[in-house]
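A.B. asks: fold the stuff below for me.
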Amino acid sequence: MAQLSDRAMLEKLKRFDTPSITNVVATYPGKLLCLGLYEPWRQNWYTNTSVHCIYPELGPIVGYAVTIVFALPNPRFQRLSFDDVVDALGKSKKPAIVVIKQDFPQEMQSKVGLAGGQMTTLFKACGAIGVVTNGPSRDVDEIRPMKFQYMMSGVTPGHGEMAISAVNVPVSVAGMDVAPGEIIHMDENGACKFPADRLADVCKNVDAFKKEEDEQVKAINSAKTLEEIKAAFSGKKIK
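C.D. replies: Numbering: from 1, shown residues only. From the prediction side, this is the model:
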């Protein structure tokens, strides 16, 4: 059987929730179907509780990371603009997911309503389908009809002057370390990442992993005794 195209594999992964993807990527290193791409506790490959999904009704999305760092303006560094963001998105494989590090002083961090309707319109026009960011944003009512996903810390209505300090550099956002070009999978459970060159492996193993889980759930539900429940949960065949 011919291997699916990268685009077809991304579409396939949209049928699975993010925890199912993490199971294959690194969560269960003792299982044969887990790729063990990261040490699950000590490496930062998925988001923490500091962010949440704004439009859970959109379901899972998956795409290639393009990273941006926003900060307070620095009069000695004015080299970057949204033209550089457009260029980075233009060069990225599609669909893209924008990973924004909000690098603001702690006293401002929770007040930066950064990516509103205008910025989202720009991202979407350049082939992006979602944003993961460690701070808040705004215009959630304006963005909702765009079918564009956001994972962020919350919502706030305003912001002050800010500037782009880096584009397509490695960033750490909400406990997840992301390099440009890595694949992001996200839904209402959070986001995780994995190297783009392991897309085919993740796509292959997630089917078998999910099948094993479904069979275990079926065995538990059909068990008649406590011993049968224990056996089903441990993966043993019920005699």
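
A.B. asks: quick one: strands adjacent to the longest strand along the chain?
C.D. replies: Across the chain, the strand with the greatest residue count (assigned by DSSP state E) is strand 61-71. Using DSSP bridges, the strands paired with strand 61-71 are strand 96-103 (parallel), strand 163-167 (antiparallel), strand 183-187 (antiparallel).

A.B. asks: and E213, that's in a helix?
C.D. replies: Yes. Counting by DSSP: H, G, I helix; E, B strand; the rest coil, E213 falls inside a helix.

A.B. asks: tell me, how many residues neighbour it?
C.D. replies: Neighbour count for E213, taken as other CB atoms under 10 Å: 12. In this view, the C-beta of every residue, glycine as well, is placed from N, C-alpha and C.

A.B. asks: separation between it and G30?
C.D. replies: Plainly put, E213 is 15 Å away from G30 if you go by CB to CB, to the nearest Å.

A.B. asks: for F148, which residues are in contact?
C.D. replies: For F148, the contacting residues are Y55, T120, F123, K124, A128, I129, G130, V131, by CB atoms under 8 Å, 6 or more residues apart in numbering.

A.B. asks: which residues sit against stretch 115-125?
C.D. replies: Residues outside stretch 115-125 that contact it (CB under 8 Å, 6+ apart) are 82, 85-86, 89, 96, 98, 100, 131, 133, 137-139, 142-143, 146, 148, 150.

A.B. asks: filter those residues down to the buried ones.
C.D. replies: Using 16 or more other CB atoms under 10 Å as the burial test, the contacts of stretch 115-125 include 85, 89, 96, 98, 100, 131, 133, 137-139, 143, 148, 150 as buried.

A.B. asks: residue ranges of the strands in this protein, please?
C.D. replies: Using DSSP E, the strands found in the chain span residues 52-53, 61-71, 96-103, 128-133, 149-152, 163-167, 171-173, 176-178, 183-187, 190-194.

A.B. asks: quick one: strands adjacent to the fifth one?
C.D. replies: Think strand 149-152. Applying DSSP bridges, one finds strand 149-152 paired with strand 52-53 (antiparallel), strand 128-133 (parallel).

A.B. asks: state the pLDDT value of the closest residue to I143 other than its chain neighbours.
C.D. replies: Spatial nearest neighbour of I143, chain neighbours left out: T120 (5.1 Å); criterion: CB to CB, 6 or more residues apart in numbering. Confidence at T120, expressed as pLDDT, is 98.

A.B. asks: any figure for the gap between T120 and M152?
C.D. replies: Distance from T120 to M152, counting by CB to CB: 12 Å.

A.B. asks: also F82?
C.D. replies: Here F82 is placed at a distance of 19 Å from M152 (CB to CB).

A.B. asks: H159 too?
C.D. replies: 13 Å.

A.B. asks: ditto for G36
C.D. replies: Computed as CB to CB, the G36 to M152 distance reads 30 Å.

A.B. asks: ok, these two, which is more surrounded?
C.D. replies: Neighbour tally, G36 and M152, criterion other CB under 10 Å: the higher count belongs to M152, 26 against 14.
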